[in-house]
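In: structure for the following, please:
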Amino acid sequence: MNNHEQWLNFDMGTELRVSGSFIFDGIRTLDEMRSLNETENIFTFLYYITVGIERLQKVCIVLIENKENTDQTQFVNKLKSHNPDDLMTRIRKSRTINLKKEQRLFLNLLARFYINDRYGRYDKKKRDNEKRDDLEFENEIYGMLGTNILHFHVINFDSDFLGFIDRYFKTRDIAEIREKFSDLLRGIVTQLYSLIEEEASKNNIYTYEISPYTSYKAFKIFVAQEFDFAHEKRALKETIAYILTSDDGRIKEFKNTIENNVEPLDLSGVDLKTLFSSSFADESSMVLVDAMTTEFLEIEGESELKTREDFFESFYSIADLCNSQDDD
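Out: A predicted model of the protein is given here:
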């Protein structure tokens, strides 16, 4: 493997994993939304997804276009784009990517968000004087997400983009929004990753290889092709059921160790649904944190708090110890 091939293999492999992490964080943000009034999370979702797709597209372009005799300075200058719509057009000039109408609109939406509206809230004059044509723009977004519309086309005019996105999210069911955006992303991202596999294989390199152990986020997106967290949520429920009902000697030993070292906090005031869903970073976690902090206030003496803190610092080490004792 020569120097150029090493760059394509290792550096572009790293960029691929970075892209997957951004896309993962985007769908995680969408998954964590529990109400439709979270304007900052709508923005974060769009930001992560735009950056993730852009970097994924650039890996494709490098593998397709960059040869050993390529003028690298000129190539990099032409690659400096933050427009996923234009980048996709560049890829499709030489390779086949089949995009549905709503997928093209989605890329257009991301480009518009990142280029024109990412800093829109900082520009008071622009916000005060924006020309609005909400009906036409809303038809565009509704069409992209598969709802009933009167007409359907890509537009190019000033509009209260962020304002409309906020309103759209607030008038739709959150589960419907998750499903539609997940489907849009899956259709675009999986094709780009397949293209990376093909281009890398032509050059006998392994840019596409991703380990589930060191790069879980990218593996979930590109290899497992999962754009929701259904499996993780099911695994959490299965784990809770196992811990509550199992005769596993390791769990019994672990339980005895906890009982012999710390008095459990009184979390009886927290509903069970919140307790059992708290492993995901959403408002359930905040409820538990508040309950835990309140209980801490009832503990007298810094030494008792310190002992408790030390015990939970070694929580997983104790679990490992219980596991090894059961093996013996």
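In: low-scoring stretches of the stretch 151-300 of the chain, by residue?
Out: Along the stretch 151-300 of the chain, the parts satisfying pLDDT under 70 run over 151-172, 234, 276-289.
In: show me where it has helices.
Out: Counting by DSSP state H, counting those that start in this stretch, one finds helices in the stretch 151-300 of the chain at the ranges 161-170, 174-202, 216-218, 230-245, 249-261, 272-276, 283-298.
In: how about the second one, which residues are buried there?
Out: Burial within helix 174-202, assessed by neighbour count using 16 or more other Cβ atoms under 10 Å, is assigned to 177-178, 180-189, 191-193, 195-196, 199-200. The C-beta positions use only the backbone N, C-alpha and C, and glycine is treated the same way.
In: if we can go back for a sec, Val76 is nearest to which of the helices of the stretch 151-300 of the chain?
Out: Each of the helices of the stretch 151-300 of the chain has some distance to Val76 by Cβ to Cβ; the shortest is helix 174-202, at 18.6 Å.
In: and that closest one, how far from the chain's centre?
Out: Remark: helix 174-202 is offset 13 Å from the chain centroid, using Cα atoms, centre = their mean, to the nearest Å.
In: which strands and helices sit next to it?
Out: Helices and strands touching helix 174-202, as assessed by 3 or more Cβ pairs under 8 Å, 6 or more residues apart in numbering; DSSP states H and E, comprise helix 12-32, helix 39-65, helix 101-112.
In: export the helices of the stretch 151-300 of the chain to CSV and append columns for distance to Ile23.
Out: Shown next, in CSV, are these (distance: least, Cβ to Cβ, whole Å):
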stretch, distance to Ile23
helix 161-170, 19
helix 174-202, 6
helix 216-218, 8
helix 230-245, 16
helix 249-261, 36
helix 272-276, 28
helix 283-298, 23
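In: for those, which one sits closest to Ile53?
Out: Nearest of these to Ile53, taken as Cβ to Cβ: helix 174-202 at 6.7 Å.
In: okay, angle between the closest one and helix 39-65 too, please.
Out: Here helix 174-202 runs at an angle of 20 degrees relative to helix 39-65 (axes from the mean of the first three to the mean of the last three Cα atoms, to 10 degrees).
In: and Asn83, what are its phi and psi?
Out: Main-chain torsions, Asn83, degrees, to the nearest 10: phi -120, psi 100.
In: so it sits against Ala111, correct?
Out: Yes - between Asn83 and Ala111 a contact is recorded at 4.5 Å, counting by Cβ atoms under 8 Å.
In: ok, back up a step: make a markdown table from the helices and strands packed on helix 174-202 and add distance to Val262, mean neighbour count and mean pLDDT to it.
Out: Shown next, in a markdown table, are the helices and strands packed on helix 174-202 (distance: least, Cβ to Cβ, whole Å; neighbours: other Cβ atoms under 10 Å; pLDDT from 0 to 100):
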| stretch | distance to Val262 | mean neighbour count | mean pLDDT |
| --- | --- | --- | --- |
| helix 12-32 | 30 | 21 | 95 |
| helix 39-65 | 35 | 21 | 94 |
| helix 101-112 | 49 | 20 | 88 |
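In: indicate which one of the ones you listed is closest to Asn77.
Out: With distances scored as Cβ to Cβ, the stretch of the helices and strands packed on helix 174-202 nearest to Asn77 is helix 39-65 (13.0 Å).
In: which residues does the closest residue to Leu79 other than its chain neighbours contact?
Out: Taking Cβ to Cβ, 6 or more residues apart in numbering, and ignoring the residues beside it in sequence, Leu79 has Lys58 as its nearest neighbour in space, at 5.9 Å. The contact partners of Lys58, by Cβ atoms under 8 Å, 6 or more residues apart in numbering, come to 15, 79, 87.
In: repeat that for 10 Å
Out: Taking Cβ atoms under 10 Å, 6 or more residues apart in numbering as the contact definition, Lys58 lies against 12, 15, 19, 79-81, 84, 87, 90-91.
In: among those residues, which are located in helices?
Out: In helices, judged by DSSP state H, the following of the contacts of Lys58 are found: 12, 15, 19, 79, 84, 87, 90-91.
In: just put these in CSV and tack on distance to Ala291.
Out: Formatted as CSV, the ones in helices among the contacts of Lys58 follow (distance: Cβ to Cβ, whole Å):
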residue, distance to Ala291
Met12, 47
Glu15, 42
Ser19, 38
Leu79, 50
Pro84, 43
Leu87, 47
Arg90, 53
Ile91, 51
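In: which strand or helix spans Leu99?
Out: According to DSSP states H and E, Leu99 maps onto no helix or strand at all.
In: in contact with it, which residues are there?
Out: 88, 92, 105-107, 187-188, 191.
In: relative to Ile64, how far out is it?
Out: With distances taken as Cβ to Cβ, to the nearest Å, Leu99 is found 17 Å from Ile64.
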